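Colleague: Okay, sequence plus prediction incoming.
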Amino acid sequence: MNTISYLEASTLALRQEMERDPLVWALGEDLGRGGVFGQYGDLQRRFGPARICDTPISESTIMGAAVGAAMMGTRPVVEMRFSDFALCAVDELVNQAAKARFMFGGQAKVPLVARLPIGMWRSSAAQHSQSLESWWTHIPGLVVVAPSTPADNHALLRAAIRCDDPVVYHEHKDLWGLKGEVDERAEPARLGEARILRPGNDVTVVTWSKTVHVALEAAALAGSPSLEVIDLRTLWPWDRATVFGSAQRTGRLLVAHEAVRVGGFGGEIAAEAAEQLGVKVRRLGAPRIPIAYAKPMEDQARITAAAIAAAARLLLG
Amino acid sequence: MTQRPNLRDLERLKRHFHIMHRIRAFEEEAERANRDGRVGGAVHLSIGQEAVAAGVCSNLRREDPIVSNHRGHGHTIAKGAEPRAMMAELMGRAAGTCGGKGGSMHIADFKVGMLGANGVVAAGIPIAVGAAQALRLRGADAVVACFFGDGAVNRGPFLEGLNWARIYDLPVLFVCEDNGFASTTRTKSVTGGPGPGPRAESLGIPAHEVDGNDVARIDELAGELVARLRNGKGPQFLWAKTYRLKGHTAADPARYREAAEVEARWQDDPIARLRALLIELGVAAGELDALARAARGEIEDAVAFAQSAPFAPAEAAFGDVQDVGAPQP
């Protein structure tokens, strides 16, 4: 066990997978110098420029080339730098990567990982702060992942690289520096498995990515109801068994995420829980406003521990 | 005018004649079947453009992938796909190349290196350069041919993908099949500057203009360009000027152009031109008629096969989606 950061955990995961499989490679802007956040470390020095490939600012072709390269039997890791920029590659991700296997009748799979860092970070304003993970959950063919800890970033990224499906992999920019214990010999995670991080009796709180830490903070607040905090880890496919098991016990489900509440993935989980179990549900997400630059306005889009505790209290009625 | 081939390889020209007839017959049957409902959806015909597919693909090996666009029947046939499996795909049958999940617009046959037609204009260009990068990573010496139309040069992936091929020196032959129309709009009326060739040149890729209805010349030029690719000379651009004799789709009567214009273009039919050349070179008309009949017969057999082939079970709609996570109702 080593204590390393969420960022270092991702570098370690990619290094291990590249050592294990010569057909794993990465492409994106700035990778040679370590990537825009440094998450590619010294990998280009280790593996050379063909496998840690510096590209032009050409998001459509970064993603589209990865689709072609994946169909030809390699395992590309696509770096989009900010999830916001992946919107320049939506055709390639949605119409090509997600559909190729199906529309060609299973003649090829598309084993690519698209890394789309999400979230609010250092006053980055409206085009560098979004959390758009729910978009990809809507697209048949895609797997959607959002790790919240260094250990998970290590284990889930390795699982994503080994997965034969296209995986949209969301790291949270505000978690890069988060430290935690990582066992580099641990097996890759199983995609689609949630984890109960804190047991509780009153309300099940389902969350992911950075909001996991906010929910844990909420659970520790004086006067908060007893919260069972579930880190979903994989948004598609999401772990119904774990979520439903907990919600059935507590009878109340709160979904909290940093993304805009309207059309957010919380709505899907809440609706499923209400339909299948008849439990009381609530959703907590950002208001439907672009994210502002100045801190006081930016904070209007932030989900706080106090807000989670308050929403849980409303469920208790 | 048809240029005489430098290499009077009659057998090769006869093979082109056969393949072009096969493409023509396939598309005429597809057009008929689309009209009477046996083939659904949009069917984009390449009638009049067969020389490009035949001339380029005859220079490729089975392991050299091609990437196509929405008008992809000709490329697929020329790359060696079985007409039976292709027609079954158009008719949505389980025996189709894609099990009936793709249809005309997404026809693909990976076992002959045909990586897919595409419903999105220019979307094949990034896929082609990525395929070339993967081949290099795997140590293969194959080359990639990427077919697209003149409409594609106005989309971003054209700029991105050509630049990409140049900076990594990838062995990609870009084939711009310029049929004059972007859907139902004359491409010239929506394209700035001197067109596809100069745009490729501006990105450092040598561009070669060719009469797209002259299969002998296309074959010869594509042969030279593919040899350059195999010798590590980097990407090449072939600008083949042809004409779309049919509408954008089989359902498009193309009223946006004069009948006289189309009639004049039929006089330049690449198949008729090749026939005239072969007769000039001393091939008997009877031999050519027999080749054309044989091609027609293969396609009639493909139609009969497809029509009697079963549909895939409806539940197959839930297959080939993804490994992780079952499809949700």
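Modeller: Perfect, I can see it now.

Colleague: now the residue minimising distance to the centre of chain B, what's its secondary structure?
Modeller: Nearest to the mean C-alpha position of chain B, by C-alpha atoms, centre = their mean, lies B:His75 at 3.0 Å. Using DSSP: H, G, I helix; E, B strand; the rest coil, the structure places B:His75 in helix.

Colleague: ok, it - contacts?
Modeller: B:53, B:57, B:66, B:68, B:114, B:117, B:147 (C-beta atoms under 8 Å, 6 or more residues apart in numbering or on different chains). C-beta here means a position set from N, CA and C on the backbone, and glycine is covered the same way.

Colleague: Give me the buried entries from those residues.
Modeller: Among these, the ones that count as buried by 16 or more other C-beta atoms under 10 Å in any protein chain shown are B:53, B:57, B:66, B:68, B:114, B:117, B:147.

Colleague: of all of the stretch 1-150 of chain B, which residue lies closest to chain A?
Modeller: When scored by C-beta to the nearest C-beta, the stretch 1-150 of chain B has B:Pro126 as its residue closest to chain A, at 2.4 Å.

Colleague: these two touch, right, that residue and A:Glu59?
Modeller: No. Taking contacts as C-beta atoms under 8 Å, B:Pro126 lies outside contact range of A:Glu59: 10.0 Å.

Colleague: Looking at these two, which has the bigger crowd around it?
Modeller: Under the criterion of other C-beta atoms under 10 Å in any protein chain shown, the comparison of B:Pro126 against A:Glu59 puts B:Pro126 first, with 33 against 25.

Colleague: any idea how far the more buried one is from A:Met63?
Modeller: 7 Å (C-beta to C-beta, to the nearest Å).

Colleague: which residues do those two both contact?
Modeller: Contacts common to B:Pro126 and A:Met63, judged by C-beta under 8 Å, 6+ apart, are A:Glu92.

Colleague: Counting by contacts, list what whichever helix in chain B runs longest packs against.
Modeller: Longest helix in chain B, counting residues (DSSP state H): helix B:10-35. Helices and strands touching helix B:10-35, by 3 or more C-beta pairs under 8 Å, 6 or more residues apart in numbering or on different chains; DSSP states H and E, are helix B:50-57, helix B:73-78, helix B:83-90, helix B:215-230, helix B:270-280, helix B:285-308.

Colleague: buried sites along it?
Modeller: Result for helix B:10-35 [16+ other C-beta under 10 Å]: buried residues B:13-14, B:16-27, B:29-31, B:33-34.

Colleague: B:Arg61 - nearest residue in space that isn't next to it in sequence?
Modeller: B:Ala142 (7.0 Å; C-beta to C-beta, 6 or more residues apart in numbering or on different chains).

Colleague: any weak-confidence spans in chain B?
Modeller: B:1-8 (pLDDT under 70).

Colleague: Mind doing that once more with 80?
Modeller: B:1-8, B:327-329 (pLDDT under 80).

Colleague: All the helices of the stretch 201-317 of chain A, residue numbers only.
Modeller: With DSSP state H, counting those that start in this stretch, the ranges of helices along the stretch 201-317 of chain A come out as A:211-220, A:240-250, A:265-277, A:295-298, A:305-316.

Colleague: With respect to burial, which of those scores highest?
Modeller: Mean neighbour count (mean count of other C-beta atoms under 10 Å in any protein chain shown) peaks for helix A:211-220 among these, with a mean of 23.

Colleague: and that helix, what does it pack onto?
Modeller: Counting by 3+ C-beta pairs under 8 Å, 6+ apart, helix A:211-220 packs on strand A:195-198, strand A:203-207, strand A:227-231, strand A:252-260, helix A:305-316.

Colleague: tell me the angle the fourth one makes with strand A:227-231.
Modeller: Counting by axes from the mean of the first three to the mean of the last three C-alpha atoms, to 10 degrees, strand A:252-260 lies at 50 degrees to strand A:227-231.

Colleague: now for strand A:252-260, which elements pack on it?
Modeller: strand A:203-207, helix A:211-220, helix A:265-277, strand A:280-286, helix A:305-316.
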